[in-house]
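Participant: Sequence and predicted structure are below.
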Amino acid sequence: MTYFPCVSNPIKFIRLFLLVIVLAIVSLSIACDSGSDSGGTNTEAMGADNDFAEVSRILLPGKLFTLDDYVAAGWKKSKQYDTETVPQSTDIWYGFFNTKDIEVRFYNSHDIASGAGFESAATVIEKDSFSKVAPNKAGGSAVTKYKAFAVVGNTVILCELSVDSCIALVDALGN
């Protein structure tokens with residue numbers, strides 16, 4: 001009879017074989033996961049500050065949007081705010097999308113929106129969710145419900161409760 005030296009004990013061979021298979025699967029899943037991009041094309045975070053990674057997104061840096069673009073996407077404008085309390089903004093509107101409060105702040109460029117606009121939005125959502133603080137709602141004293149925001153092209157969108165509200169509006173914009 002011919003015996004292979006490593007097969008002298010079939011149980012040890014099967015255990016070794018299973019261990020190799022499990023290690024291969026784990027290695028492949030780690031390798032595939034580390035290069036993945038979460039699947040979305042237009043809803044990809046492109047460098048949001050780590051402190052705000054779960055509640056913010058930076059999207060569509062090459063696009064410039066107008067108020068009409070948001071209205072055409074189904075966002076219902078309600079009230080215009082003064083831009084005095086929001087540095088470098090050119091226009092600010094409060095409205096609704098999918099029954100959620102959404103404020104849209106316009107800037108001259110994506111660079112300004114992702115700089116000064118990001119900082120201003122981060123300040124708003126850092127506040128206690130039911131505080132009456134001047135920076136909320138573009139300087140108003142109303143109760144804020146904004147828990148997330150997205151920098152979208154030359155705009156910053158403040159969203160009620162979660163970043164999913166922002167993403168749904170961005171998807172409706174149709175790029």
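Facilitator: Looks like it came in fine.

Participant: mind listing what T66 touches?
Facilitator: Residues near T66 by C-beta atoms under 8 Å, 6 or more residues apart in numbering: F106. Quick note: C-beta positions are derived from backbone N, CA and C, even for glycine.

Participant: Look up how far G74 lies from it.
Facilitator: According to C-beta to C-beta, to the nearest Å, T66 stands 15 Å off from G74.

Participant: for the chain, what spans make up the strands?
Facilitator: For the chain, the strands defined by DSSP state E cover 56-59, 76-81, 91-97, 100-106, 146-152, 155-160.

Participant: per-domain residue ranges of the chain.
Facilitator: 5-34, 50-173 (automatic domain parsing).

Participant: Can I get the strands of the chain in JSON lines including distance to I25, mean pLDDT and mean neighbour count?
Facilitator: What follows is the strands of the chain, written out as JSON lines (distance: least, C-beta to C-beta, whole Å; pLDDT from 0 to 100; neighbours: other C-beta atoms under 10 Å):
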{"stretch": "strand 56-59", "distance to I25": "32", "mean pLDDT": "84", "mean neighbour count": "24"}
{"stretch": "strand 76-81", "distance to I25": "49", "mean pLDDT": "94", "mean neighbour count": "13"}
{"stretch": "strand 91-97", "distance to I25": "42", "mean pLDDT": "94", "mean neighbour count": "18"}
{"stretch": "strand 100-106", "distance to I25": "41", "mean pLDDT": "94", "mean neighbour count": "23"}
{"stretch": "strand 146-152", "distance to I25": "36", "mean pLDDT": "90", "mean neighbour count": "25"}
{"stretch": "strand 155-160", "distance to I25": "39", "mean pLDDT": "92", "mean neighbour count": "27"}
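
Participant: Quick one: closest of those to L19.
Facilitator: Nearest of those to L19, taken as C-beta to C-beta: strand 56-59 at 41.1 Å.

Participant: And the closest one, what does it pack against?
Facilitator: Applying 3 or more C-beta pairs under 8 Å, 6 or more residues apart in numbering; DSSP states H and E, we find strand 56-59 packed against helix 118-126, strand 146-152, helix 163-173.

Participant: ok, now with 7 Å
Facilitator: Strand 56-59 is packed against strand 146-152, helix 163-173, with contacts defined by 3 or more C-beta pairs under 7 Å, 6 or more residues apart in numbering; DSSP states H and E.

Participant: List just the one of these that sits closest to F17.
Facilitator: helix 163-173 (44.6 Å).
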